[in-house]
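Novice: quick one, fold the following:
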Amino acid sequence: MVIVKMMINLTNSQTSHFKQVKVGFSWTTFFFGCLPALFRGDWKWFFIIALIEIIFGIPTIGFGAGIIGIIFSFIYNKLYINDLLSNGYVAADEASNRILQSRGFTINK
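Specialist: Next up, the predicted model:
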């Protein structure tokens, strides 16, 4: 069995920033909760995930925070990519464009 990391390349033509982003399940979010969003500089989702983990983690002695981490593991990368696309990033190459289209992302032209 071959495990393929599906990475895409995004670029912002206005700022000349380049980002390589993983598409699909977020193992880092699974293991570290809101910290991957913090390290990516994604302040909005860092605070949202942290707040939800605190709200559900305190009354359940941490168990609820783990459940929230599992849920966000499935959706965080998609949320992050959608935010990048809405902030002017576009696929940097044809392969990234095909991956985005196959995963149902709205592509900015």
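
Novice: how far away is His17 from Ile55?
Specialist: 33 Å (CB to CB, to the nearest Å). In this view, the C-beta of every residue, glycine as well, is placed from N, C-alpha and C.

Novice: the protein: strands as residue ranges?
Specialist: Counting by DSSP state E, the segments of the chain that form strands are 7-12, 17-22, 89-91.

Novice: quick one, helices of this structure?
Specialist: Assigned by DSSP state H, the chain shows helices spanning 27-32, 35-40, 43-57, 63-86, 94-102.

Novice: quick check: which of those is nearest to Ile8?
Specialist: With distances scored as CB to CB, the stretch of the helices of the chain nearest to Ile8 is helix 94-102 (3.9 Å).

Novice: and the closest one with strand 17-22, angle?
Specialist: 60 degrees (axes from the mean of the first three to the mean of the last three CA atoms, to 10 degrees).

Novice: excluding sequence neighbours, find me the nearest residue to the residue nearest the centre of the chain.
Specialist: Central residue of the chain (CA atoms, centre = their mean): Asn77, 2.1 Å from the mean position. Using CB to CB, 6 or more residues apart in numbering and skipping residues adjacent in sequence, the residue nearest Asn77 is Ser26, 4.8 Å away.

Novice: the one you found touches Pro36, doesn't it?
Specialist: Yes: look at Ser26 against Pro36 with CB atoms under 8 Å: they come within range, at 6.6 Å.
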